[in-house]
Every structure is written in C-alpha cells, then in structure tokens.
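Engineer: Here's my sequence, what's the structure:
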Amino acid sequence: MEYIKSRDIFVLMRNTLRLIHPRLMEHGSRVAYMVYKMLEDRGVYEEFELADIVMVATLHDIGAYKTEAGVLNDMLRYESRDSRAHTIYGYLFFKYLSPVEDLAKVIMYHHMDWEQLRKMEYEYKDIAAYINIAEKMDIYFSAMGSQFNMQMFHKQAGTRLSEEGLNRFYEVARKFDIFTKLKTGEYKAELERIIDYMIFSNEGKKKFLEMLMYCTGFRDEQFVVDSITTIHICEKLAGRLMMTEDMKERLYYGALLHDIGMLVIPKEITDAPRRLNSEEIKKVRLHVNAAEKVLDNMLREDVLSIVLGHHERCDGSGYPKRLRGQQMGQEQKVLQVADTITGMISKRPYREPLSKEKVIEALNEEAAMDRLDRPIVSMFINYYDEIMQSVETESAEVMKMYQMLNSQYALVSKRFKM
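Structural biologist: Numbers count the residues shown, from 1 in each chain. Here you go, the predicted structure:
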C-alpha cells in the first residue's frame, strides 16, 4: 500500500531541509535545474534516471547543513573554503542511508578538479563535473548579478572544470535561456515535471524518510534520539496490542514524522535550560501546525492524522484540535503514549531523565485523568522492562549509524580544519 508517492518523498526532503537553511536549498534546486538541462540536452539518460540525478544534485550540499549558518549565508565565502568535509559527509549519507547509493560518489567528487576527476574509474564522474560547473555558475551569478559573465570560467576549462561540461553549459544556457528562468523562478515548473518520474519501492521510501530523520540532527541531535525512541516504543506497543500490519505501517510513518515541525521552533526555546513560560509554550505548540504545512497533500490522510494527533488527549485537553478519544484511532493514541514516554525518559536542558518509578507514576496519573488511553498505558506498564530493554537495544543499533556519520564528519572536519 502506498502511503506517500515517490515524488513526494523528494519534495518532503527538500521542504524539510529548507526549514533548516532556506538559502542553501534554493541553491541546490537551481544547481539541479542546470544539471538537468545539461543532461537532457546530452540525451543519454531516460527520464527516471534524470529524476534520480535531479534528487542527488538538489541535495549535493547535504553535508553543508552541518556548517555554521553564518558561513552559509555568504555563499562566495563558503565556496572558497576547503569543501572536502561536507562532500564526504554527504557521500556517507547517500551511501548508507539512501536507495541511490550508486550515485553517492557524485556528491563526494563534485568539488574535485576535472584534471583529477577525469582519471577516476567512476561511471557518473561527468555528473559530478556538471554539478561543479552548475554550482559555480549559480553562486557567482547570484552574487554578481548584471556583472556576471558565464565565460569567466572558461580559463579553467580542462583543468579545474570539464571543457566538455562548460561548452555544453554555454549551449544550453543560450538555448533554454537558463539565467532568465533562474532569475524569474520559471525553472521550478520544469523541475516539478521531471520529479514525477521518480520511482522508489516502499523500502526505498522508508530509507529516504529515515535519512530525513537523521537530517533533523543537523539542527538538534536530540530530535534524532527522540524520534528513534518513539518509533521503537510504538513498534513494541503495536505488537503487544495485536495491531494489523496496515495499522503498524501507518503508525511507523506517523512516528517517524511526528516532530518534523519542531525544526521551525527557535533554538533558544528548544535549548532553554529551564521550564518554558506560557508564551514559549504557545510557540512550541505551533510545531504541529508547521508539520501540517510541510506534510499536507503528501501523506495519505490517515497517516497525516496520526502525525497531527500526537499531542491530542482523550479528554479533549490536547492540541491543536482538542479532539476527544472517540474521534481518534488506536494509532494516534499509541503515538501519544509513546511520545509522552519519550519525553519522560529523555534528558532535557532543564532536567535529567525520569526514573522508571516516576514514569509509571506519571503515566498512571495521565490515564486516571483520561488524558492517555488506559489500556495502552496499562499494556506499557505491564511490560515496561521488556519493552524498554528492547527499545534501548534497537535504538542503540540505529544510533550507531548516526554516530558513525558524525564521527566521520568530525574527523574529516578536524583534518581539513573546517
């Protein structure tokens, strides 16, 4: 069963990363458009292949989202820095976390000088070379405006940049009026058409969504920890509650995406070393509305309702719609319980994780007041040790990948003084 279309997986990733750094994502989209037109003109790829390349080209700087925002706000300055750390981090992301791992080296090589890249035994080295050209064109065109001349790079032909790639770019820039379309935003419609050709299996979609979950760690690593914990608690509760496979699948997607809207909440609020005041709490609650804006018309309605209902409560005291128990499905209620447990057992800037006794006491109180579903709370408490031991083991396995990516990034960053 399809819960999200292939094209919408890409749109969701693009929109989420835009929340983290809008300017960098707009740059990625413009680069992808230029690369797409160069490859379309070349005529050696089918539409579905071009669609995958557009995805990778759009996300070619995914490793740069870990860079300080102040540097990214000055793209010319960023372009002049040693870029190896973010290219390797982006390569690791696509190699280990995506279903298009064969294109991962495109990201690692896209800043490599052509005289070195041309010697590589890699099927897609020309794509990396095209991204290098398109990236430079976009950065300097954006910075120089009417003073920009695309021929300014021709002195690098055959050395830093591919001569064939440059000549092809000059041709398509004139033929398709590339720079006018970049300036007016017309190019976006062409990109939307090609991504309709994206085809991913359900497993491939899940890999991309899990990759997206890891991307939230660019903003705050705690988002990743909390998401993984919530997903596994949901899985264990769903199994104990004998949910159908369809229900488990919907719950998985809901748990994976439930806190995506937290990316819009200012860090001074999410990282506050104290309890939040009433105005700050109101701002935090807007994360559900933000999630709806990001996910609307992408997820199936029944999955979206799970995401949007994770802060509702059975007695109608939740938010944002103040739904009551009979208005919600079992998946929503399970996610509410799992999300609440995650909040209790996770370290927060203003307190340490709660003990088992405190968690059980708080859950019993919530159930007694009819805020959380009583049978679900009882099921969790009855199997507390078994569920939490399993969650801890499985979460640790998933976190190993995330920690490996971070450690590799840290090592490369230190080596190249990024």
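Engineer: what about stretch 314-331, average pLDDT?
Structural biologist: What stretch 314-331 shows for mean pLDDT is 97.
Engineer: in that stretch, what's buried?
Structural biologist: Using 16 or more other C-beta atoms under 10 Å as the test for burial, stretch 314-331 gives Cys314, Gly318, Leu323, Gly325, Met328, Gln330, Glu331. The way it works is simple: take the backbone N, C-alpha and C, and place the C-beta from them, glycine included.
Engineer: in which helix or strand would I find the last one?
Structural biologist: Assigned by DSSP states H and E, Glu331 belongs to helix 330-345.
Engineer: how far does the helix or strand immediately after that helix in the chain sit from the chain's center?
Structural biologist: Scanning forward in sequence from helix 330-345 by DSSP H and E, the next helix or strand is helix 356-368. How far helix 356-368 lies from its chain's middle: 33 Å, per C-alpha atoms, centre = their mean, to the nearest Å.
Engineer: what angle sits between helix 356-368 and helix 330-345?
Structural biologist: On the basis of axes from the mean of the first three to the mean of the last three C-alpha atoms, to 10 degrees, helix 356-368 is oriented at 140 degrees to helix 330-345.
Engineer: Please spell out which residues along the following helix or strand past helix 356-368 are buried.
Structural biologist: In the C-terminal direction, the helix or strand that comes right after helix 356-368 (DSSP H and E) is helix 374-382. Buried residues in helix 374-382, counted by 16+ other C-beta under 10 Å: Arg374, Ile376, Val377, Met379, Phe380.
Engineer: what's the answer for stretch 261-280, then?
Structural biologist: Gly261, Met262, Leu263, Val264, Ile265, Thr270, Glu280.
Engineer: Using JSON lines, please lay out these together with pLDDT, secondary structure and distance to Val359.
Structural biologist: Shown next, in JSON lines, are the buried residues of stretch 261-280 (pLDDT from 0 to 100; DSSP: H, G, I helix; E, B strand; the rest coil; distance: C-beta to C-beta, whole Å):
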{"residue": "Gly261", "pLDDT": "92", "secondary structure": "helix", "distance to Val359": "25"}
{"residue": "Met262", "pLDDT": "91", "secondary structure": "helix", "distance to Val359": "22"}
{"residue": "Leu263", "pLDDT": "88", "secondary structure": "helix", "distance to Val359": "27"}
{"residue": "Val264", "pLDDT": "89", "secondary structure": "helix", "distance to Val359": "29"}
{"residue": "Ile265", "pLDDT": "90", "secondary structure": "coil", "distance to Val359": "25"}
{"residue": "Thr270", "pLDDT": "88", "secondary structure": "helix", "distance to Val359": "22"}
{"residue": "Glu280", "pLDDT": "94", "secondary structure": "helix", "distance to Val359": "24"}
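Engineer: Point out the other helices and strands that the helix holding Glu331 packs with.
Structural biologist: On a contact count with 3 or more C-beta pairs under 8 Å, 6 or more residues apart in numbering; DSSP states H and E, helix 330-345 meets helix 221-240, helix 245-257, helix 301-308, helix 356-368, helix 374-382.
Engineer: buried sites along the shortest one?
Structural biologist: So that's helix 301-308. So for helix 301-308, counting by 16+ other C-beta under 10 Å, buried means Asp302, Val303, Leu304, Ser305, Ile306, Val307, Leu308.
Engineer: ok, longest helix in this structure?
Structural biologist: Longest helix of the chain, by residue count under DSSP state H: helix 384-415.
Engineer: What's the mean pLDDT across that one?
Structural biologist: Rounded mean pLDDT across helix 384-415 is 80.
Engineer: how far out from the middle of the chain is it?
Structural biologist: So, by C-alpha atoms, centre = their mean, the centroid of helix 384-415 is 17 Å from its chain's centroid.
Engineer: what angle do that helix and helix 330-345 make?
Structural biologist: 70 degrees.
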